[in-house]
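Asks: A structural model of the following input is requested.
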Amino acid sequence: MPQLDLICVGAIAGSYGVAGEARIKSFCAEPSAIGDYGPLFSEDGSKTFLITLTRPVTGGFGARIAGVATKEQADALRGVSLFAPRAVLPALPDDEFYYADLIGLDVVDTGGAALGAVKAVHNHGAGDILEVGVSGLLIPFTRAAVPTVDLAARRVVVDLPEERDSDIGVEA
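Replies: Just a heads-up that it's a prediction; the model follows:
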């Protein structure tokens, strides 16, 4: 199988009801769009998931997954991340990025000092946060804190406040 350029668009959160439906959590800007991207894949591209959204449910959507007929089969898929090929996803405006494009970018401060690389991007409901390097430095992904994202140069410039150590409770 050729290597696919995959972007995580959601996850299976377990079963919904007793008739084999699954609960799908969407990571798409328009949550219901997860049903529009054709077959979805496992992270390594080895498994294919044909999903049909059936209804909105708390925290996502109820969905039928081809080949899944029982509650136990749906529960067995809990935690499986769902990926779509980049080619089927919409193009983004210049100031928006897929999380996958940010992971691994070098992070420097406005003076050019290296801080590490983007390890993860988190969103717990109040906005995106970049996790940087092994130190686990967390930076809000806002225009003020991250004025420059240069995908071509594989670099992110961050503007950290001068008093950042005291702001995060680290003693000098």
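
Asks: and residue 120, what does it touch?
Replies: Each residue near residue 120 by CB atoms under 8 Å, 6 or more residues apart in numbering is listed here: 103, 130, 131. C-betas here are computed from N, CA, C, even on glycine.

Asks: what's across from it in the sheet?
Replies: Residue 120 has these beta-bridge partners by DSSP bridges: residue 131.

Asks: buried set for stretch 37-55?
Replies: 37, 40, 41, 49, 51, 53, 54 (16 or more other CB atoms under 10 Å).

Asks: Tell me which of those fall in strands.
Replies: 40, 41, 49, 51, 53, 54 (DSSP state E).

Asks: Same list, these, but as TSV with pLDDT and distance to residue 82 please.
Replies: Output for these, formatted as TSV (pLDDT from 0 to 100; distance: CB to CB, whole Å):
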residue	pLDDT	distance to residue 82
40	96	4
41	96	7
49	97	6
51	96	8
53	96	12
54	96	16
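
Asks: Make CSV out of those and add distance to residue 136.
Replies: Rendered in CSV, the data for those read as follows (distance: CB to CB, whole Å):
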residue, distance to residue 136
40, 30
41, 30
49, 32
51, 34
53, 36
54, 39
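
Asks: which pair in those spans the largest distance?
Replies: Looking at these by CB to CB, the two members farthest from one another are 41 and 54, with 20.9 Å of separation.

Asks: Now stretch 82-92: average pLDDT?
Replies: Per-residue pLDDT values over stretch 82-92 give a mean of 92.

Asks: And the strands in this protein?
Replies: Taking DSSP E as the criterion, the chain carries its strands at 6-16, 21-26, 40-41, 48-49, 51-57, 60-65, 81-85, 106-109, 114-123, 128-132, 137-140, 148-150, 155-158.

Asks: Of all these, which one is nearest residue 75?
Replies: Proximity to residue 75, assessed across those by CB to CB, is greatest for strand 6-16 (4.7 Å).

Asks: list the buried ones in the closest one?
Replies: For strand 6-16, the buried set under the neighbour-count rule, 16+ other CB under 10 Å, comprises 6, 7, 9, 10, 11, 12, 13, 14, 15, 16.
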